[in-house]
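Participant: quick one: sequence plus predicted model below, questions after.
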Amino acid sequence: MNPIISSPHAHGARPVGRVMLLVMLALVPATLGGFWRFGWPAVYLWCVTVLACLFAEAVCVRLAERPARSALADGSALLTGWLLALSLPPWAPWWVGAVGGAFAIVVVKHAFGGLGQNLFNPAMAARVMLLISFPVEMTQWLAPQLPDAGLATALAGLGVTFGAGLPDAVSSASLLGHVKAEASRGVALGQALAGQWDPLAAGLGARAGSLGETSAWLLAAGGLFLVAKRVIGLRIPAAFLLGVAAPAALAQFLAPDHYLPPLAHLLSGGVMLAAFFIATDYVTSPSTPLGQWIFGLGCGLLTWIIRTWGAYPEGVAFAVLLMNAAAPLIDHTTRPRIFGRRRDGRSLAAARRG
Amino acid sequence: MCSPTISPLVRVKRLLQRWGAHPEGHKRPSADTALAVLPLAPRLVLPLSQHIGAPARPVVAAGQRVLRGELLATAQGNISAPIHAPTSGVILGIGEAAVPHPSGLGGPAIVLEPDGADESVPLDECDPFTLDPAEIARRVAAAGIVGMGGATFPAAVKLALGQHQPIETLILNGGECEPYLSCDDRLMRDRPDSVIDGARIILRAIGGRRALIGVENNKPEAIAALRTAAAAFAEVQVVALPSRYPMGSEKQLITWLTGREVPAEGRSADIGVVVHNVGTASAIHRAIRYGEALTRRIVTVAGGAVRTPRNLEVRIGTPLSALIEFCGGLTTEPARLVMGGPMMGIAIGSLDIPVIKGSGGLLALTAAEVSDTAAAGPCIRCGACVGACPIGLMPLDMAALIRAGELKGAVAVGLKDCIGCGTCSYVCPSSIPLVQFFNHAKGELAARERARMKQAAIKELVEARSARLEREAREKAAAAARRKAERERAKAAAAAAAQAASAPGATSATPNVAREETPA
């Protein structure tokens, strides 16, 4: 045993497992909101995705000849599955969740070296992989009203997730998809939005969208809880939302007939989820204060650009992945100034007088 | 009241900088318990190295009787400090003893057996404001005063700075940002006049214009006591600081109080500031006013395993076991014994170690307080260490570089600017021993530098030797050639003389001689 014990002799940080637990706690309201709105199929999909992640994590850790118990106990795999599930269409078939979960853990996380080593956010990378590989399953949204009683029972829900999939009768388009489709037909924005856009209802989740992305206000509340608990900083979420809202406001001011209002952008798609829970992922975001501002703004701006001019109606996942790739470079170029030195690393001059 | 002469812009900037950590204080109940004087121990052990710099050289012999305040060991070199007898008694010997050092190894020490009379040498009382600055510095050096906050840098060296460059501001460090410790708090509450007087004496020594005393706002009683004591002196101001670790770090304290930054490759004196601990100021007051050498100090005894945590005034050299005993002993087996504070103090192996000049605290911590049960996990790049670092470093990157053996890369991103405060380790959710990595790397760099210097010195010696040997060989060869030429010449001359005597036409010898001489 080494008799030399070095200071500090105290430790005051929240362990990693506790951090993950708080993030999950913050996700609970939005998740329950999604379950309530989309019924049993959403619950099943969530379970399948989370279990797939946990299973994949256990297998990978065992292959690396480490005990699986401690790796699972830190909660990171559970959280990855949870976030991925929230970003999937609520009535997607079970195998979408299973394949996505396994991909997130095996390819995006463990192939890069496991916890703390991955370059890309596992949930977003898996979502993008699914979107590109299974475009039909990944773009079938559920009508924004509560599911009818027939499909709301637990047994009928099983049929949706593990059987035939989404019945055509209840499928619907998301706001962003609808606007994109109408715009391509040459319909003016005001006309396309008529009866489709109600900020309050949309924010509370009464809209077509992913399992956990529709309750924007609940997500924001959970995110602010994390900020208050100092689990995440305010810089990335604030910059993200600003990055979406500022160009949207400018564009709408210049051409109101062509561009969606900022609030519609903030409350649609995955902006709230990504701003507070995805982009703030410690591993894949910069750790310098200035870098976090740049990262958040970049995510927001790219999201708005992809939504506005890209081929896909939604761009959050792509924006986050692109900025993930830039994060090491951002960190490298935005190092804080060292005390007593100038930004270029040279020492401050001694202020000699007399 | 806020710190004076700081522009609003700097104040705003100061609020936005969120470095540091907020460890739980654990200051009570020890801070609120009255100061007690520890009775004389039966044996005092005085290590020769109680300060930064060269160890002191003993000037007493075994068996000699000494009085309180008598010189036992004298300073060696410019950065050193003398050691005095804490009480009257007999020198038992000089030899190896257990001393406070992170290595746990022993060191040379003088052992004194008190005779109980506590008889003092005659003391030279005087009014400090009749002394000239150089004389104050000389007397402080003679009293063996070192930085009492734990750095143990000889105080007189910093007092003499004023003679080389203009120093406008004296800062007294009453931050005491380390958890558990309240020895400075107690001193400021119980003897505020000695601190203020010490500040004025130091101001005179350095030729300064103002003194700022920074005290963290978790010590309202100390701030009130100091303000009352300083009311009569316009040049002394008491400033409340936010409670945050490491606010008591010299660089952070200066920046907070003056808005200026110490250059990375400079010292605080370069921006006209000198920092002393409040305990040092009080010791200087006693040394100059009453002629007392530094032979006692206040020590906080605290930690979950101590029955009655409190502050004690202790003679230097008293074994730590006596302090624990006076505080009612231990309630449980401590998980760790620490000398100093929990953030930067050193772990000690036993209680047989003596109190030295820099010992501000003795902590007996329980396993729950040490809380190092978690093994280090992988870095999740949360950036907590980046936000906490008071210097603006990125500890996570530096640790990764050091782990990969890239010491040069770590230096390039600021390893040498690290002040070793340990805030990064404290806030790491994965319990990664960050500051331990940095201390290791600094030690490794120092070892490499020593090895490099040693190699350079050896190379120089070897080169000098081979140059000398070559020169000697050359000189030898030249001398031999000269002798040979002389012999040839003599022989030729003799032959010529002989030939001249016998027959003419013997001039061919001369070119031969010229050829012989060339190899020299």
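Facilitator: Yes, it's here.

Participant: how about the contacts made by the residue of the stretch 51-200 of chain A found nearest chain B?
Facilitator: The nearest approach of the stretch 51-200 of chain A to chain B comes at A:Gly116, 4.2 Å away (CB to the nearest CB). No exception for glycine: its C-beta is placed from N, CA and C like everyone else's. By CB atoms under 8 Å, 6 or more residues apart in numbering or on different chains, the residues touching A:Gly116 are A:283, B:378-381.

Participant: for A:Ala56, see how far away the nearest residue to it once chain neighbours are set aside is.
Facilitator: By the measure of CB to CB, 6 or more residues apart in numbering or on different chains, the closest residue to A:Gly116 outside its immediate chain neighbours is B:Pro378, 4.2 Å from it. As judged by CB to CB, to the nearest Å, B:Pro378 and A:Ala56 stand 18 Å apart.

Participant: of those two, which one has the most company?
Facilitator: Taking other CB atoms under 10 Å in any protein chain shown, B:Pro378 and A:Ala56 do not tie; A:Ala56 has more neighbours (23 against 17).

Participant: just the C-alpha atoms of the strand or helix carrying A:His332, please, in CSV.
Facilitator: Using DSSP states H and E, A:His332 sits within helix A:316-333. The C-alpha trace of helix A:316-333 is given here as CSV (Å, rounded to 0.1, in the frame of the first residue of the first chain):
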residue,chain,number,x,y,z
VAL,A,316,-32.0,19.2,-34.8
ALA,A,317,-30.2,15.8,-34.9
PHE,A,318,-28.1,16.8,-37.8
ALA,A,319,-27.2,20.1,-36.3
VAL,A,320,-26.1,18.5,-33.0
LEU,A,321,-24.0,15.9,-34.8
LEU,A,322,-22.3,18.5,-36.9
MET,A,323,-21.5,20.6,-33.8
ASN,A,324,-20.4,17.4,-31.9
ALA,A,325,-17.8,16.9,-34.6
ALA,A,326,-16.6,20.5,-34.2
ALA,A,327,-16.5,20.4,-30.4
PRO,A,328,-12.9,19.3,-30.0
LEU,A,329,-11.8,22.0,-32.3
ILE,A,330,-13.9,24.6,-30.4
ASP,A,331,-12.4,23.5,-27.1
HIS,A,332,-8.9,23.8,-28.6
THR,A,333,-9.4,27.3,-29.9
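
Participant: and the contacts of it?
Facilitator: With CB under 8 Å, 6+ apart as the criterion, helix A:316-333 contacts A:87, A:119-121, A:124-125, A:127-128, A:131, A:269-271, A:273-274, A:278-279, A:284-288, A:291, A:294-295, A:298-303, A:306, A:310, A:312, B:394, B:397.

Participant: got a quick PyMOL command for the buried subset of the residues you listed?
Facilitator: In PyMOL syntax, the buried subset of the contacts of helix A:316-333 is picked out as below (16 or more other CB atoms under 10 Å in any protein chain shown):
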select buried, (chain A and resi 87+120+121+124+125+127+128+131+269+270+271+273+274+278+279+284+285+286+287+288+291+294+295+298+299+300+301+302+303+306+312) or (chain B and resi 394+397)
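
Participant: ok, which stretches of the stretch 101-250 of chain B are helices?
Facilitator: B:133-142, B:155-159, B:183-190, B:192-206, B:220-230, B:250-258 (DSSP state H, counting those that start in this stretch).

Participant: helices or strands next to the shortest one in the packing?
Facilitator: Looking back up the chat, that one is helix B:155-159. helix B:133-142, helix B:192-206, strand B:273-277, helix B:278-290 (3 or more CB pairs under 8 Å, 6 or more residues apart in numbering or on different chains; DSSP states H and E).

Participant: cool, and the fifth one?
Facilitator: The criterion is 3+ CB pairs under 8 Å, 6+ apart, and the helices and strands that helix B:220-230 contacts are helix B:183-190, helix B:192-206, strand B:210-216, strand B:236-241.

Participant: is the longest one positioned near chain A?
Facilitator: No: if you take CB under 8 Å from any CB of the partner chain as the test, helix B:192-206 misses chain A, and the best it gets is 13.8 Å.

Participant: reformat the helices and strands packed on helix B:220-230 as JSON lines; add distance to B:Leu92 and mean neighbour count.
Facilitator: Output for those, formatted as JSON lines (distance: least, CB to CB, whole Å; neighbours: other CB atoms under 10 Å in any protein chain shown):
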{"stretch": "helix B:183-190", "distance to B:Leu92": "29", "mean neighbour count": "26"}
{"stretch": "helix B:192-206", "distance to B:Leu92": "33", "mean neighbour count": "25"}
{"stretch": "strand B:210-216", "distance to B:Leu92": "41", "mean neighbour count": "24"}
{"stretch": "strand B:236-241", "distance to B:Leu92": "44", "mean neighbour count": "22"}
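
Participant: so which of the ones you listed gets nearest B:Ile284?
Facilitator: Taking CB to CB, helix B:192-206 is the member of the helices and strands packed on helix B:220-230 nearest to B:Ile284, at 4.6 Å.

Participant: got the angle for the closest one vs helix B:220-230?
Facilitator: Helix B:192-206 runs at 60 degrees relative to helix B:220-230, counting by axes from the mean of the first three to the mean of the last three CA atoms, to 10 degrees.

Participant: still on that earlier bit, show me what counts as buried in the helix holding A:His332.
Facilitator: Quick answer for helix A:316-333 (16+ other CB under 10 Å): A:316-324, A:327, A:330-331.

Participant: ok, now stretch A:131-144?
Facilitator: So stretch A:131-144, judged by 16+ other CB under 10 Å, has buried residues A:131, A:134, A:137-142, A:144.

Participant: what's the burial count for B:Glu261?
Facilitator: Quick note: B:Glu261 (other CB under 10 Å) scores 18 neighbours.

Participant: what's the answer for B:Gly349, then?
Facilitator: 12.

Participant: for it, which non-adjacent residue is closest in space?
Facilitator: B:Gly104 (5.0 Å).

Participant: gap between the one you found and B:Ala41?
Facilitator: 22 Å.

Participant: the two: which has the busier surroundings?
Facilitator: B:Ala41 (24 against 17).

Participant: sec struct for the more buried one, please.
Facilitator: When classified by DSSP: H, G, I helix; E, B strand; the rest coil, B:Ala41 comes out as coil.

Participant: any idea how far it lies from B:Val111?
Facilitator: 12 Å.

Participant: repeat for B:Arg18
Facilitator: The value you get for B:Arg18 to B:Val111, if CB to CB is used, is 49 Å.

Participant: those two: who's more crowded?
Facilitator: B:Val111 (19 against 9).

Participant: what are the bridge partners for that one, then?
Facilitator: B:Val45, B:Gly93 (DSSP bridges).

Participant: hang on, the earlier thing: quick one: the buried residues of stretch A:131-144 as JSON lines, columns for secondary structure too.
Facilitator: Below are those laid out as JSON lines (three-state DSSP):
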{"residue": "A:Leu131", "secondary structure": "helix"}
{"residue": "A:Phe134", "secondary structure": "coil"}
{"residue": "A:Glu137", "secondary structure": "helix"}
{"residue": "A:Met138", "secondary structure": "helix"}
{"residue": "A:Thr139", "secondary structure": "coil"}
{"residue": "A:Gln140", "secondary structure": "coil"}
{"residue": "A:Trp141", "secondary structure": "strand"}
{"residue": "A:Leu142", "secondary structure": "strand"}
{"residue": "A:Pro144", "secondary structure": "coil"}
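
Participant: mind listing the helices for the stretch 101-250 of chain A?
Facilitator: According to DSSP H, counting those that start in this stretch, the helices that the stretch 101-250 of chain A contains are A:122-133, A:135-138, A:149-152, A:154-162, A:175-184, A:189-193, A:199-204, A:216-228, A:235-254.

Participant: ok, and what's touching the longest one?
Facilitator: Contact partners of helix A:235-254, identified using CB under 8 Å, 6+ apart, comprise A:223, A:227, A:258-262, A:264-266, A:271, A:274-276, A:279-280, A:285, A:289, A:292-305, A:308.

Participant: so which of the residues you listed reach chain B?
Facilitator: A:285, A:289.

Participant: sort out for me which of the contacts of helix A:235-254 are in strands.
Facilitator: Using DSSP state E, no member of those falls within strands.

Participant: low-confidence stretches in the stretch 351-500 of chain B?
Facilitator: Where the stretch 351-500 of chain B drops to pLDDT under 70, the residues are B:372-374.

Participant: fine, thanks again, bye for now.
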